[in-house]
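**Student:** quick one: sequence plus predicted model below, questions after.
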Amino acid sequence: MANGLHKIKTGSRAVWRGLRLLAHVAKGAWIVAFRFPQLHYLQQHEHVQAWAATLLLRAGVQLQVKGQPPAKGPVLMVSNHISWLDIPLLHAARHCRFISKSDVKGWPIIGTLATAAGTLYIQRSSRRDAVRMVGAMEEAFKRGEILAVFPEGTTGDGRSLLSFHSNLLEAAVQCDAPVQPVGLRFVDGKTGSTSYAATYVGDETLLGSIWRVLCSEQLIAVVHYGEAQSAQGRDRRAWAKDLHTEVDRLRQS
């Protein structure tokens with residue numbers, strides 16, 4: 001009986017959170033369509049950060065920030081990638097412009113929101129487009145912007161860290177822009193152990209991942225910022241290996 005009541009309570013909580021989440025996404029789309037054209041880009045960034053923080057609350061996720069987010073650019077943040085929550089999570093902690101695969105631009109509603117947040121799109125399979133993106137990143141660095149990338153190129157299972165692709169580090173090397181490693185981790189608030197509720201990898205479905213998050217009783221999302229570092233003579237491949245080591249440490253601490 002107690003187990004049955006617990007399931008009913010969990011399901012009801014998840015449905016309520018889900019409805020609030022859908023309403024919040026719809027509100028975001030409305031703001032982008034009708035408010036953003038009238039706002040300065042800095043005001044747009046503030047809206048994105050506030051919207052992302054509220055999205056976490058609607059989903060029942062508590063944000064915990066460790067270390068010091070970048071105060072200003074130019075800087076490139078590199079982070080491990082676990083979940084569909086990672087982008088709003090990093091936006092909530094500190095607004096930045098993401099480099100994302102071009103497919104995202106065409107996703108209904110999500111693509112609109114991502115574009116409004118300043119996302120730069122790249123065709124991952126195209127070497128020519130990678131060269132174009134490095135040029136776009138260099139221009140962004142010259143404007144003093146904060147960029148972010150998931151160098152694994154895809155989501156991992158949260159247990160281990162995939163190898164880092166080094167291509168996009170070339171922009172930081174060429175501009176001598178600092179790179180700040182960031183470790184992401186989800187924690188069960190009741191036990192203090194790592195939670196895999198938010199993972200979205202392999203054969204897992206997006207809806208399944210969202211449902212697990214909504215069902216979680218106390219899910220904490222930890223964003224751990226490391227110290228920004230410069231290339232100091234390293235080429236992008238050597239730098240990527242060193243950053244991999246640091247991100248791996250940050251996500252486990």
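**Tutor:** Cool, the structure landed.

**Student:** how about the strands of the stretch 151-253 of the chain, start to end?
**Tutor:** In the stretch 151-253 of the chain, the segments counted as strands under DSSP state E, counting those that start in this stretch are 179-188, 219-225.

**Student:** so which of the ones you listed comes closest to Arg58?
**Tutor:** Among the strands of the stretch 151-253 of the chain, the nearest to Arg58 by Cβ to Cβ is strand 219-225 (12.6 Å). Glycine gets a C-beta too; all of them are placed from N, C-alpha and C.

**Student:** pLDDT averaged over that closest one - what is it?
**Tutor:** On average, the pLDDT along strand 219-225 is 98.

**Student:** chain center to it: distance?
**Tutor:** 11 Å (Cα atoms, centre = their mean, to the nearest Å).

**Student:** list the helices and strands that strand packs on?
**Tutor:** Applying 3 or more Cβ pairs under 8 Å, 6 or more residues apart in numbering; DSSP states H and E, one finds that strand 219-225 contacts strand 61-66, helix 86-93, strand 179-188, helix 236-251.

**Student:** 10 Å - rerun?
**Tutor:** strand 61-66, strand 75-79, helix 86-93, strand 179-188, helix 206-215, helix 236-251 (3 or more Cβ pairs under 10 Å, 6 or more residues apart in numbering; DSSP states H and E).

**Student:** quick one: strands adjacent to that strand?
**Tutor:** strand 61-66 (parallel), strand 179-188 (antiparallel) (DSSP bridges).

**Student:** the first one vs helix 206-215, what angle?
**Tutor:** Angle, strand 61-66 to helix 206-215, by axes from the mean of the first three to the mean of the last three Cα atoms, to 10 degrees: 80 degrees.

**Student:** can I assume Arg249 is in contact with Pro181?
**Tutor:** Yes: the criterion here is Cβ atoms under 10 Å, and Arg249 meets it with Pro181 at 8.5 Å.

**Student:** what's the overlap in contacts for these two?
**Tutor:** 224, 226 (Cβ atoms under 10 Å, 6 or more residues apart in numbering).

**Student:** more crowded one of these two?
**Tutor:** Neighbours were tallied for Arg249 and for Pro181 using other Cβ atoms under 10 Å; the higher tally belongs to Pro181 (26 against 14).

**Student:** what's the distance between the spatially most central residue of the chain and Gly11?
**Tutor:** With distances taken as Cα atoms, centre = their mean, Ile87 lies nearest the centre of the chain, 2.4 Å away. Using Cβ to Cβ, to the nearest Å, Ile87 is found at 27 Å from Gly11.

**Student:** before we move on, what about Leu250?
**Tutor:** Distance from Leu250 to Gly11, by Cβ to Cβ: 35 Å.

**Student:** helices along the protein, start to end?
**Tutor:** 2-34, 41-58, 86-93, 110-116, 127-142, 169-175, 206-215, 236-251 (DSSP state H).

**Student:** how about the ones you listed in CSV, adding mean pLDDT and distance to Leu161?
**Tutor:** What follows is these, written out as CSV (pLDDT from 0 to 100; distance: least, Cβ to Cβ, whole Å):
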stretch, mean pLDDT, distance to Leu161
helix 2-34, 90, 29
helix 41-58, 94, 23
helix 86-93, 95, 14
helix 110-116, 86, 24
helix 127-142, 90, 22
helix 169-175, 94, 16
helix 206-215, 94, 19
helix 236-251, 97, 5
